[in-house]
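[1] Following is a predicted model, sequence given first.
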Amino acid sequence: MQRIINFILSRRNTFLYLLLLFIGMMLTVQSHSYHQSKYFNSANWVSGQFYSISGGIGAYFDLKGENEKLQEENRRLRELLGTLEEVDSLQLAEDLRVYEYISARVNKNSITSYRNYLTINRGAAHGIEEDMAVITPLGVLGIIENTSQNFATVQSVLNDRSSINAIIKGTDQFGSLRWDGEDFTRVQLYDIPKLVPIKKSDTIMTGGMSSIFPPNIPIGVVVDYKLPKETSFYEIEVQLFNDMSNVRNVYVIRNNQREEILNLQAQTEDVE
């Protein structure tokens, strides 16, 4: 202990200089808007780079899990290729023209609050814009909310503000997918009428009724449901295909017809 005290005393001038330098820098930043903007921009850049590096390290140690996900994606692609003869080739070509996929990696992810977000390592410089869909090889993940040049934040499906159009596979009944803030492995599907036949293990997919998600993107499976007496609609528990606590590689989906759709809808609403 005495050695530590002696060390500090012998270098007291250096420590005093560093302390005064730090105080001076803080006073400068607080009293000048230009310095404030430079400081916060630098802080955002540093935090973005930190999350990028830490995300890369995490991805390295999770290579086995990522390989398993890629194998599952390849299996689904093989199934799709095996059924292409049954698909309308003109419709398939149209879908390929409309939707564009941009690969990205998750740098930061939260699952413990009511409004969870992810940060990905793609931004405006890579063509990422607000309100683009984000998925993984397993299914729906969220929607782009904000972008910088090289990064973007994603509103997770585990967010009490999230609402995604969804259907029960094999039916034409649309509902609203939301999260009650309880279990990060489950979300809830509402507004499905009681006349619709439903059973556990039914697959839930995107409905394609918005300009954000393409139709038929997997979401999860039904694990429970109930029909409250006071309503005519089910409350459905959906187990997510994604492990939301372990998400690395993602795809951002650009709808190349989105702007045209939104402009047309805006014109129609103005007429009304």
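    Arrived safely. Numbering: from 1, shown residues only.

[2] For Arg186, which residues count as its bridge partners?
    Beta-bridge partners recorded for Arg186 (DSSP bridges): Gln239.

[3] Please verify my assumption that it contacts Phe241.
    No: Arg186 lies out of contact with Phe241 (C-beta atoms under 8 Å); the separation is 11.5 Å. To be clear about C-beta, it is placed using only N, CA and C from the backbone, and glycine gets the same treatment.

[4] what do those two both touch?
    By the contact definition C-beta atoms under 8 Å, 6 or more residues apart in numbering, Arg186 and Phe241 are jointly contacted by Gly220.

[5] Now do the SS call for the residue nearest to Asp202 when sequence neighbours are not counted.
    Closest residue to Asp202 apart from its sequence neighbours, by C-beta to C-beta, 6 or more residues apart in numbering: Val222 at 4.4 Å. On the three-state scheme (DSSP: H, G, I helix; E, B strand; the rest coil), Val222 is labelled strand.

[6] which residues touch the spatially closest residue to Met132 that is not a sequence neighbour?
    Closest residue to Met132 apart from its sequence neighbours, by C-beta to C-beta, 6+ apart: Ile144 at 4.4 Å. Ile144 makes contacts with Ile128, Glu129, Glu130, Asp131, Met132, Ala133, Val134, Ala152, Thr153, Val154, Gln155, Val252, as judged by C-beta under 8 Å, 6+ apart.

[7] okay if I get those residues as CSV plus distance to Thr203 and pLDDT?
    What follows is these, written out as CSV (distance: C-beta to C-beta, whole Å; pLDDT from 0 to 100):
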residue, distance to Thr203, pLDDT
Ile128, 29, 96
Glu129, 30, 95
Glu130, 29, 95
Asp131, 25, 95
Met132, 24, 97
Ala133, 18, 96
Val134, 20, 96
Ala152, 29, 96
Thr153, 29, 97
Val154, 23, 97
Gln155, 23, 97
Val252, 23, 94
